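Student: Sequence and computational prediction follow.
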Amino acid sequence: SSCFGDTAHQWLFLYQLEQLLAERKSADPETSYTAKLYASGTKRIAQKVGEEGVETALAATVHDRFELTNEASDLMYHLLVLLQDQDLDLTTVIENLRKRHQ
């Protein structure tokens, strides 16, 4: 246990989700939304990230925490799919954020 409580476990979920999304690249697009998204190509995935980003921002402007939480979840999911599509991962993004912070 750490002074952060269950925070590390919460972050671990993102890495597990990232692994699941990577596995879905080879899944059947007929049975998996994620596989269908990969099959639709980078342009469509990027478009979804943009759409979800706008919806997240709009939810924040009306101070709707429930909707903001849902839209932020959608945004993170689609961003993770886009990163996987581009052969990037969370570790690379985190390392870049660390460099910027120094």
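Tutor: That came through, no problem. Numbers count the residues shown, from 1 in each chain.

Student: ok, His78 - how many residues close by?
Tutor: Residues lying near His78 (other CB atoms under 10 Å) number 21. The C-beta positions use only the backbone N, C-alpha and C, and glycine is treated the same way.

Student: can you tell me the helix or strand for it?
Tutor: helix 65-85 (DSSP states H and E).

Student: Tell me the helix or strand right after that helix.
Tutor: helix 90-101.

Student: Give me the mean pLDDT for that following helix.
Tutor: Mean pLDDT, helix 90-101: 94.

Student: Measure how it sits relative to helix 65-85, angle-wise.
Tutor: Using axes from the mean of the first three to the mean of the last three CA atoms, to 10 degrees, the direction of helix 90-101 lies 110 degrees away from that of helix 65-85.

Student: List the buried residues of helix 90-101.
Tutor: Leu90 (16 or more other CB atoms under 10 Å).

Student: For it, what is the distance to the chain centroid?
Tutor: Between the centre of helix 90-101 and the centre of its host chain there is 15 Å, according to CA atoms, centre = their mean, to the nearest Å.

Student: Please save the CA atoms from that helix in CSV.
Tutor: Extracted in CSV, the C-alpha atoms of helix 90-101 (Å, rounded to 0.1, in the frame of the first residue of the first chain):
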residue,chain,number,x,y,z
LEU,A,90,1.1,5.3,-22.9
THR,A,91,4.7,4.7,-21.7
THR,A,92,5.9,6.8,-24.7
VAL,A,93,3.5,9.6,-23.9
ILE,A,94,4.3,9.5,-20.2
GLU,A,95,8.0,9.7,-20.9
ASN,A,96,7.4,12.7,-23.1
LEU,A,97,5.3,14.4,-20.4
ARG,A,98,8.1,13.8,-17.9
LYS,A,99,10.7,15.4,-20.2
ARG,A,100,8.5,18.4,-20.6
HIS,A,101,8.0,18.7,-16.9
